[in-house]
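Q: Coordinates only, no sequence provided:
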């Protein structure tokens, strides 16, 4: 299945603080940045500085947030780890005994699931076909294509395995993944009147949430605060920063977020994440990948297909949220327009 088919199918249903980039990549004027966003506003946008709204259009516009859902799922993991329900690096065979005798699956950890490096096949056809009765059962039975932790392979499989792992971890407490995420969303100030579910009414964590521009702005402010080491919304920054730390399989992607940190070193190569997900790339590719090497390495982005974005520059407390339905979007060019 190609990338465009994946988008259509999904639609139907170093850490920050590593230092400022070169002068060409620094946001110097927030008013200019807000004007630049307005020129590429899509279906709605908002620009916030230090929590203050600078400029916006259609703040209450709501669209499916697609893979930005993965970023919220990562924050739910931070909450679950903080409550002692999960650990980031311990193998999951206690929660998934079906893997006990599998020499590869028995090595899978929560961090690998969040970072899309557990080794599973993408799972698009198995998990995104017409509603299935129990996506968790399907997900944990999916085969591996890679040894756990060795390669970044993007798709719904790892996220839906994560949803099943969280469900099992919460069961002894009489709680559910949906309840935990709902409590977290309430703290952040998010709502999602609609959410993609399976036949058992369980939320998809790979896609499915629908947030407004204003809500995406709140999500960006929480992520920015956590990345700066500040606890917020019942989340511990120490755990978030651990989950967001770079790993060899893909240093650009961690905690459900795309990071520009590879721009801090020499040899950074500009890529567009949405254009690179159909093909499985080696770790050497991801060790150079960034939005653009001339941009501040502190930039991070929560990415949803079609140009749905939440950009954050944590040290400047700048958040840009954009809803869109573009077939072609370029993060580097957009972020550069903020700094021009």
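A: Great, that's in hand. The structure presented is a predicted model; accordingly, all values stated were derived computationally and were not measured.
Q: in which helix or strand would I find the residue of the chain most remote from its centre?
A: Centroid-distance maximum for the chain: residue 101 at 31.0 Å, with CA atoms, centre = their mean. Residue 101 belongs to no helix or strand when assigned by DSSP states H and E.
Q: Same check on residue 333?
A: Going by DSSP H and E, residue 333 is part of helix 331-339.
Q: for that helix, the distance to its chain's centre please.
A: 20 Å (CA atoms, centre = their mean, to the nearest Å).
Q: A strand includes residue 210, no?
A: Yes - per DSSP: H, G, I helix; E, B strand; the rest coil, residue 210 lies within a strand segment.
Q: ok, now how distant is it from residue 286?
A: From residue 210 over to residue 286 the distance is 30 Å, taken as CB to CB, to the nearest Å. The way it works is simple: take the backbone N, C-alpha and C, and place the C-beta from them, glycine included.
Q: Residue 318 against residue 310, yeah?
A: No - with contact defined as CB atoms under 8 Å, residue 318 and residue 310 do not form a contacting pair (11.4 Å).
Q: Look at these two and report which has more neighbours.
A: residue 310 (29 against 22; other CB atoms under 10 Å).
Q: which residues of the stretch 201-340 of the chain fall in strands?
A: Remark: strands assigned in the stretch 201-340 of the chain by DSSP state E, counting those that start in this stretch are 210-212, 253-254, 257-259, 269-270, 289-290, 300-304, 308-313, 318-323.
Q: Now do the first one: which elements does it pack against?
A: Same thing as strand 210-212. Where contact means 3 or more CB pairs under 8 Å, 6 or more residues apart in numbering; DSSP states H and E, strand 210-212 is packed against strand 62-64.
Q: What pLDDT does the model give the residue farthest from the centre of the chain?
A: Residue 101 carries a pLDDT value of 96.
Q: how long is stretch 102-117 from one end to the other?
A: 17 Å (CA to CA, to the nearest Å).
Q: Residue 104 and residue 234: what is the separation?
A: Counting by CB to CB - residue 104 and residue 234 are separated by 35 Å.
Q: swap in residue 254?
A: Taking CB to CB, one finds residue 254 at 21 Å from residue 234.
Q: out of these two, which sits in the busier spot?
A: Here residue 254 and residue 234 are compared on neighbour count by other CB under 10 Å; more neighbours surround residue 254, at 25 against 15.
Q: which residue packs closest to that one, ignoring adjacent ones?
A: residue 244 (4.9 Å; CB to CB, 6 or more residues apart in numbering).
Q: wait, isn't that neighbour in contact with residue 257?
A: Yes - under the criterion of CB under 8 Å, residue 244 makes contact with residue 257 at 6.6 Å.
Q: Now do the helices in the stretch 51-200 of the chain.
A: 68-82, 110-114, 124-127, 135-140, 156-170, 177-188 (DSSP state H, counting those that start in this stretch).
Q: need those in JSON lines with mean pLDDT and mean neighbour count, can you?
A: Shown next, in JSON lines, are the helices of the stretch 51-200 of the chain (pLDDT from 0 to 100; neighbours: other CB atoms under 10 Å):
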{"stretch": "helix 68-82", "mean pLDDT": "98", "mean neighbour count": "24"}
{"stretch": "helix 110-114", "mean pLDDT": "98", "mean neighbour count": "26"}
{"stretch": "helix 124-127", "mean pLDDT": "95", "mean neighbour count": "18"}
{"stretch": "helix 135-140", "mean pLDDT": "97", "mean neighbour count": "22"}
{"stretch": "helix 156-170", "mean pLDDT": "98", "mean neighbour count": "25"}
{"stretch": "helix 177-188", "mean pLDDT": "97", "mean neighbour count": "18"}
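Q: more crowded one of residue 210 and residue 286?
A: More crowded of residue 210 and residue 286, by other CB under 10 Å: residue 286, with 23 against 17.
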